[in-house]
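1. Fold the following for me, if possible:
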Amino acid sequence: MNVLILHDELPPDARPDELDVFTQVRAIGAALEALGHRWSAAGVTLDLAALQRRLGEPPTCDVVINLVESLARRMRLAHCVPALLDALGVPYTGAPTEGLFLTCGKTTAKRHLARCGIATPPWVEEGGETDPHAAFLPGRYIIKSVWEHASLGLDDDAIVEASSADDLRPVIRSRRERLGGEAFAEAFIDGREFNLALLESAPEPAAPRGAAVTHGRAPAEVFPPAEITFVDYAPDKPKIVGYAAKWAEESFEYNRTPRRFAFPPEDAPLVGRLRELALQCWDVFRLRGYVRVDFRVDEHGAPWVLEINANPCLSPDAGYMAAAAEAGLTYRDVVERLLRAAVAR
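-> Presented below is the predicted three-dimensional model:
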């Protein structure tokens with residue numbers, strides 16, 4: 001096939017988390033070549049007419065691999081690319097327009113989770129809106145970006161104490177610029193952190209390992225769950241996977257937050273519940289392609305959904321690919337599955 005990889009068009013001062021897309025392009029390109037496909041790559045800007053011309057009429061590519069996370073560095077616009085591809089009838093990998101829109105904005109996603117009865121930590125928005133399904137609880141809150149991912153702006157100072165929602169609003173305003181322009185406060189669950197990766201199952205052949213489960217609008221395979229561990233953290237240091245833990249290779253956080261896939265027998269009920277919730281998120285957000293769902297588990301063993309990451313990072317060293325390897329899949333296997341599912345649609 002003739003495959004076009006679309007990615008963000010980045011400025012010279014791009015951050016490490018943004019530049020990582022080029023690592024993904026190179027790795028996917030190598031996998032495509034090994035599979036016998038032709039490929040090219042193109043950066044995408046706000047000029048969607050230029051993208052339409054690049055695709056051609058009729059489109060000159062057989063399928064698009066959509067790695068676009070933002071337009072003009074605004075993640076809230078990421079859904080515009082699949083919307084254009086839908087309008088042109090071009091098959092593409094990853095989340096559909098609606099699913100990407102619902103999951104990209106964290107407060108929009110949390111409202112949808114709450115409406116669907118899926119536990120997510122209570123929250124407070126800058127404009128005064130709070131979780132309509134839960135009363136405000138005094139305690140620790142974490143200030144997060146509404147739109148930006150990759151833990152942008154998350155550090156130890158993002159954890160604050162609050163006795164009322166009014167306490168949080170000035171803190172949200174003071175941090176919003178470093179968080180991409182819009183922020184909110186989420187009740188901090190001081191417990192274990194897990195993430196579960198899902199991959200759409202292509203019609204043929206079946207996945208080599210792992211349970212392929214037909215669930216909702218597309219069949220999904222749930223990879224083995226990963227737990228992020230916090231090694232040698234001082235009692236007063238917040239256990240969070242902040243920006244440093246993901247992108248600053250020389251930092252304490254980066255080197256003290258390994259993931260693990262092996263769990264004792266007593267964790268089996270929790271692992272089963274996390275799988276159920278991940279599939280439920282896949283269903284209620286009408287997702288497809290590939291997804292990572294992030295959880296916190298509190299001191300009572302109750303899981304809370306933090307975020308649904310549609311189209312997560314596909315770099316070879318990323319958490320998604322580590323989970324795929326645990327499921328017995330190679331990098332090339334994942335790319336092939338994504339292509340097959342996109343073309344089958």
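
2. how much space between residue 131 and residue 13?
-> Distance, residue 131 to residue 13, using Cβ to Cβ, to the nearest Å: 36 Å. Placement of C-beta: from N, CA and C, glycine included.

3. The two - which one has more neighbours?
-> residue 131 (20 against 6; other Cβ atoms under 10 Å).

4. show me what contacts that one?
-> 110, 114, 122-124 (Cβ atoms under 8 Å, 6 or more residues apart in numbering).

5. Now residue 220, what are its backbone angles?
-> phi -130, psi 140 (degrees, to the nearest 10).

6. Show only the entries of the contacts of residue 131 found in strands.
-> If you go by DSSP state E, those have 123-124 in strands.

7. Report the central residue of this structure.
-> What sits nearest the mean C-alpha location of the chain, by Cα atoms, centre = their mean, is residue 309, with 1.9 Å.

8. Could you list everything the residue nearest to it when sequence neighbours are not counted pairs with in the sheet?
-> The shortest distance from residue 309 to any non-neighbouring residue, by Cβ to Cβ, 6 or more residues apart in numbering, is to residue 292 (4.4 Å). Beta-bridge partners recorded for residue 292 (DSSP bridges): residue 197, residue 309.

9. can you give me the strands for the chain?
-> Using DSSP E, strands in the chain cover 2-8, 38-44, 63-66, 123-125, 139-145, 159-162, 183-187, 192-200, 212-215, 218-222, 226-228, 259-260, 290-297, 303-310.

10. lowest-confidence stretch among these?
-> Among the strands of the chain, strand 212-215 has the lowest mean pLDDT, at a mean of 42.

11. any idea how the chain splits into domains?
-> The chain breaks down by automatic domain parsing into domains covering 2-92, 95-120+190-225+261-345.

12. Over to the longest one now: how far is its first residue from its last?
-> Read that as domain 95-120+190-225+261-345. Terminal residues of domain 95-120+190-225+261-345 lie 12 Å apart, using Cα to Cα, to the nearest Å.

13. Could you do the first one as well?
-> Criterion Cα to Cα; first-to-last residue distance in domain 2-92 is 12 Å.

14. try stretch 134-147
-> 23 Å.

15. Which positions in that stretch come out as buried?
-> 136, 141-147 (16 or more other Cβ atoms under 10 Å).

16. what do you get for stretch 27-35?
-> Neighbour count says stretch 27-35 has 27-29, 31-32 buried, by 16+ other Cβ under 10 Å.

17. what's the closest of those residues to residue 153?
-> residue 27 (27.1 Å; Cβ to Cβ).

18. Go ahead and produce PDB holding the CA coordinates of the helix ranked longest in the chain.
-> As assigned by DSSP state H, the longest helix anywhere in the chain is helix 16-34. Extracted in PDB, the C-alpha atoms of helix 16-34 (Å, rounded to 0.1, in the frame of the first residue of the first chain):
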ATOM      1  CA  PRO A  16      11.200  17.100  23.900                       C
ATOM      2  CA  ASP A  17       7.700  15.700  24.100                       C
ATOM      3  CA  GLU A  18       6.800  17.300  20.800                       C
ATOM      4  CA  LEU A  19      10.000  16.200  19.000                       C
ATOM      5  CA  ASP A  20       9.300  12.600  20.000                       C
ATOM      6  CA  VAL A  21       6.900  12.400  17.000                       C
ATOM      7  CA  PHE A  22       9.900  12.200  14.700                       C
ATOM      8  CA  THR A  23      11.100   9.100  16.500                       C
ATOM      9  CA  GLN A  24       7.700   7.600  15.900                       C
ATOM     10  CA  VAL A  25       7.800   8.500  12.200                       C
ATOM     11  CA  ARG A  26      11.200   6.800  11.700                       C
ATOM     12  CA  ALA A  27      10.100   3.700  13.600                       C
ATOM     13  CA  ILE A  28       6.800   3.400  11.800                       C
ATOM     14  CA  GLY A  29       8.500   4.000   8.500                       C
ATOM     15  CA  ALA A  30      11.000   1.200   9.100                       C
ATOM     16  CA  ALA A  31       8.100  -1.100  10.000                       C
ATOM     17  CA  LEU A  32       6.200  -0.200   6.900                       C
ATOM     18  CA  GLU A  33       9.200  -0.900   4.700                       C
ATOM     19  CA  ALA A  34       9.600  -4.300   6.400                       C
END
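
19. which helices and strands sit right next to that helix?
-> Applying 3 or more Cβ pairs under 8 Å, 6 or more residues apart in numbering; DSSP states H and E, one finds that helix 16-34 contacts strand 2-8, strand 38-44, helix 243-247, helix 331-344.

20. Pull up the gap between residue 165 and residue 144, please.
-> 16 Å.
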